[in-house]
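> missing the sequence, but the structure's below:
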């Protein structure tokens, strides 16, 4: 299991796929990535960029903010806390995937340049 620091959070991963993000704040619980994506209304499978995660968070936060849900502030506050936890998990995962994709592209370009050199071209 790998332990990767991301800002004030720690990402625990097996091989390459992150499974949870834990904040250093006391009492902060983790949620699964699939749940985080459903709360943010993101597609459950496939690549999601960090920008898409932030945009989804902004849209959902406007709907779930306690100040916009008069008479239902306690439930809205709980939903808003879950939304914040979802942002942490989904954003860390999206950043991780973006780095993984970038490394794969670099490796492909490097291999292509090696093939070109072997053929005699520059």
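Structure's in. What do you need? Keep in mind that this is a model prediction, so the values were computed, not measured. Numbers count the residues shown, from 1 in each chain.
> where does residue 41 fall, phi/psi-wise?
Main-chain dihedrals, residue 41, degrees, to the nearest 10: phi 60, psi 50.
> centre of the chain to the longest helix seen in the chain, how far?
Ranked by residue count under DSSP state H, the longest helix found in the chain is helix 73-118. What separates the centre of helix 73-118 from the centre of its chain is 6 Å, taken as CA atoms, centre = their mean, to the nearest Å.
> quick one: low-confidence ranges for the chain?
1-29, 121-122 (pLDDT under 70).
> can we see that at 50?
1-5, 7, 13-26 (pLDDT under 50).
> related to what we said a few turns ago, which elements pack onto the longest helix of the chain?
strand 2-6, strand 9-14, strand 17-23, helix 33-39, helix 50-64 (3 or more CB pairs under 8 Å, 6 or more residues apart in numbering; DSSP states H and E). No exception for glycine: its C-beta is placed from N, CA and C like everyone else's.
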